[in-house]
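> Sequence below, structure please.
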Amino acid sequence: MDRHLEAFLEMLAAERGAARNTLAAYRADLEEAAGVLRRRHGTALAAAGEAPLRAYLAGLTDSGLSPRTAARRLSALRQFFRFLAREGVRPDDPTELLDRPRQPQPVPKALRVGEVTALLEAAAGLPGRRGPLAVALLEMLYASGLRASELVGLPGNALSEESPLILVRGKGGKERLVPVSARARAAVLALREGGGPGRWLFPSYGASGHLTRQSLVLLTKQAALTAGLDPARVSPHVLRHSFATHLLEGGADLRALQMLLGHADIATTQIYTRVLEERLRLLVETHHPLASTGPS
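Below you'll find the model as predicted:
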């Protein structure tokens, strides 16, 4: 074995207490990289520059290796070359400018329309003041697609009976106008009990003066339990996903959805098209008469 690789593994064991399986994984990844670099680029692993390392990583992707595995190989290389630079074996770290393989974005988990309806109905049945409050919060989340932090931080004058729009301050202090349904507005305004707007739309006695995200999450989970839904599947962010998914299913424009959600990049919004593609695929597989019929 390469003496530099041996020294690196000894360091992991002695200084970091790496387990046997961890050492074996590092050894396998680095020996595999060393073999490819030697055969294809005529260079030893410890002497490899940025270009052959970049080509090696590109080859992993081209060979069909998963982004997660390619990212693990890059991590092993980075640890190895940082060790060499720290020990003075080489003056540079050729992995510094190498890009991490892009991980596939997970498909957002949205509720079905019927599940959202059941959730809202269950929220109304929560005891005491929690019922009306939960209804107002969940109606707002599903009607507007706001982030949890945006919702609880709305000022008292953000919403009125006359205007269907609210001004939202999102990430990075960027402001956007978001329409809110009459039903959601009515649910929130009913909480005022005839009084005028206070400092916050959803006030509380806590230090911040307004409802916390934790309280919002708790109310959402309680409503989910009452509705017979798995609480692990229901959260304020899932309602944001549901808002976006159901709008696209109804024919909404992707650019308009980007503005409503406050996404800086359209690529972030495009993830919701994958939800529709998956649902269409399942629809065909479930209902098409030939979908489950193999070749005769």
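
> Please parse the chain into its domains.
3-86, 113-286 (automatic domain parsing).

> Please name every helix or strand in contact with the strand or helix carrying residue 6.
Using DSSP states H and E, the element containing residue 6 is helix 3-15. Applying 3 or more Cβ pairs under 8 Å, 6 or more residues apart in numbering; DSSP states H and E, one finds that helix 3-15 contacts helix 20-41, helix 67-86. All C-beta spots, glycine's among them, are computed from the backbone N, C-alpha and C.

> can you list contacts of the shortest one?
Meaning helix 67-86. Outside helix 67-86, the residues within contact range by Cβ atoms under 8 Å, 6 or more residues apart in numbering are 4-5, 7-8, 11-12, 25-26, 29-30, 32-33, 45-46, 53, 57, 60-61, 90-95, 98, 100-104.

> And that helix, what's buried?
70-74, 76-81, 83-85 (16 or more other Cβ atoms under 10 Å).

> Show me the contact partners of the next helix or strand after that helix.
Per DSSP H and E, the first helix or strand lying C-terminal to helix 67-86 is helix 113-124. Helix 113-124 is contacted from outside by 111, 131-132, 134-135, 138-139, 142, 219, 223-224, 226-229, 234, 239, 242, 246, using Cβ under 8 Å, 6+ apart.

> Is it possible to mark the buried ones in those residues?
Buried among those by 16+ other Cβ under 10 Å: 111, 131-132, 134-135, 138-139, 142, 219, 223-224, 226-227, 229, 234, 239, 242, 246.

> Just those residues: which are in helices?
131-132, 134-135, 138-139, 142, 219, 223-224, 226-227, 239, 242, 246 (DSSP state H).

> residue ranges with poor pLDDT in the stretch 101-250 of the chain?
Scanning the stretch 101-250 of the chain for pLDDT under 70 picks out the ranges 101-107, 194.

> does residue 177 sit in a helix or strand, and which one?
Per DSSP H and E: strand 175-179 holds residue 177.

> So what are the sheet partners of that strand and their directions?
strand 165-169 (antiparallel) (DSSP bridges).

> quick one: buried residues of the partner strand?
Buried residues in strand 165-169, defined by neighbour count with 16+ other Cβ under 10 Å: 166, 168, 169.

> What's the mean pLDDT across stretch 10-19?
Averaging pLDDT along stretch 10-19 gives 91.

> quick one: buried residues of it?
Using 16+ other Cβ under 10 Å as the test for burial, stretch 10-19 gives 12, 18.

> do stretch 34-54 as well
Those would be 34, 36, 37, 45, 46, 48, 52, 53, for stretch 34-54 by 16+ other Cβ under 10 Å.

> got a list of what residue 185 touches?
The neighbours of residue 185, taking Cβ under 8 Å, 6+ apart as the test, are 159, 160, 161, 164.
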